[in-house]
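[1] Sequence first, then the predicted structure:
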Amino acid sequence: MKSVLTVENVSAAYRKDQVLTDVSFQIKQGTLTSIVGPNGAGKSTLLKVLLDLIPSITGKVTFFGEKYKTAKSKIGYVPQRGSVDWDFPTNALDVVTMGQYGKIGWLKWPQKEHKQKALAALREMKMEGFAHRQISQLSGGQQQRVFLARALAQDADLYFLDEPLAGVDATTEKAIMETLKMLKESGKTVMVVHHDLQTVEEYFDHVLLLNKTVIAHGPSHLTFTRENIRKAYGGTLHWMGEKR
């Protein structure tokens, strides 16, 4: 499998506080990777640095061998739900259609085929019936499905999702994970900031353990070990039971 993302010696800071230090890893095509670590470990910051939303201090990031500016049409991003202004007056269909603006062009109107693609993405997330509903009127789980549909409509090769399962109901969690696994099986690559350690091995084939730097990275069954979890979280997690 070829690498779709290469991160070399990346460091970042907020004001004078170092948030990421010497972060290096590679992501292979067709993998479904969880990014896990304690609060304040820099998980969301890492995504923002990769996507040029926050500047790095040092290091180099390449996507498909290119810089982000060149490769961004191949990349989809679903931010944390709490960072979105859900009171903005627009409906679900328009939000999903926006995912295609990189290909439509910002000064052009979406055409019929773009709306059809957006509807197909909503249908994939079982949200077609809410296409003309204002996003402020949707539940948290429904809003999360709409934003994932937006990423699907973009038809990217590499997807980043920041805590897509946080605060959603079991039905939405199942629907999201089925979609992410479908993307993986179709050759797409997915990276997910994830908070539930108990589902890491069930949901993801790779894991990146992060605490301001990379603690461990690799196949989940080899990497998600008691020792690596202890290194990442700074102590034993008793609820993990007989975790190896």
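    Received the coordinates, thanks.
[2] so where does the closest residue to V192 other than its chain neighbours fall, helix or strand?
    Of all residues not flanking V192 in the chain, L161 sits nearest, at 4.7 Å (Cβ to Cβ, 6 or more residues apart in numbering). Backbone N, C-alpha and C define where each C-beta goes, glycine included. Using DSSP states H and E, the element containing L161 is strand 158-162.
[3] what are the pairing partners of that strand, and which direction each?
    With DSSP bridges as the test, strand 158-162 is paired with strand 75-78 (parallel), strand 189-193 (parallel).
[4] Of those strands, which is nearest Q144?
    Nearest to Q144, of all those, is strand 75-78, at 8.0 Å by Cβ to Cβ.
[5] need the contact list for the most centrally placed residue in the chain.
    Geometric centre of the chain, nearest residue: L161, 1.5 Å, by Cα atoms, centre = their mean. Applying Cβ atoms under 8 Å, 6 or more residues apart in numbering to L161 gives the contacts 77-78, 148, 151, 180, 190-193.
[6] Look up how far V4 lies from V214.
    Per Cβ to Cβ, to the nearest Å, V214 is found 17 Å from V4.
[7] Please disregard the earlier target; I meant G218.
    16 Å.
[8] So which of the two has more stuff around it?
    Between G218 and V4, counted using other Cβ atoms under 10 Å, the more crowded position is V4 (23 against 15).
[9] what distance separates the host helix or strand of that one from the centre of its chain?
    V4 is located in strand 3-14, with elements delineated by DSSP H and E. Its chain's average C-alpha position is 16 Å from that of strand 3-14, according to Cα atoms, centre = their mean, to the nearest Å.
[10] about what we covered before: what's the following helix or strand after the strand holding L161?
    helix 170-185.
[11] Check which residues of that following helix are buried.
    By 16 or more other Cβ atoms under 10 Å, the buried positions in helix 170-185 come out as 172-173, 175-177, 179-180, 183-184.
[12] Could you name the helices and strands sitting against that helix?
    strand 32-36, helix 140-154, strand 158-162, strand 189-193 (3 or more Cβ pairs under 8 Å, 6 or more residues apart in numbering; DSSP states H and E).
[13] Quick one: distance of stretch 216-232 to the chain centre.
    With Cα atoms, centre = their mean, you get 20 Å for stretch 216-232.
[14] so how far does that stretch reach from one end to the other?
    End-to-end span of stretch 216-232 (Cα to Cα, to the nearest Å): 8 Å.
[15] now it: mean pLDDT?
    Across stretch 216-232, pLDDT averages out at 95.
[16] ok, and for that stretch, which residues are buried?
    216-217, 220, 223-225, 228-229, 232.
[17] for stretch 89-99, same thing?
    Neighbour counts over stretch 89-99 (16+ other Cβ under 10 Å) mark 91-99 as buried.
[18] so how far is that stretch off the chain centroid?
    19 Å.
[19] Alpha carbons of it, as PDB, please.
    C-alpha atoms of stretch 89-99 as PDB (Å, rounded to 0.1, in the frame of the first residue of the first chain):
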ATOM      1  CA  PRO A  89     -29.800  29.800   8.000                       C
ATOM      2  CA  THR A  90     -29.400  27.000   5.600                       C
ATOM      3  CA  ASN A  91     -30.800  23.500   5.000                       C
ATOM      4  CA  ALA A  92     -29.200  20.100   5.000                       C
ATOM      5  CA  LEU A  93     -29.100  19.800   1.200                       C
ATOM      6  CA  ASP A  94     -27.300  23.100   0.800                       C
ATOM      7  CA  VAL A  95     -24.700  22.100   3.500                       C
ATOM      8  CA  VAL A  96     -24.000  18.900   1.600                       C
ATOM      9  CA  THR A  97     -23.800  20.600  -1.700                       C
ATOM     10  CA  MET A  98     -21.200  22.900  -0.300                       C
ATOM     11  CA  GLY A  99     -18.900  19.900   0.000                       C
END
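[20] Noted, bye for now.
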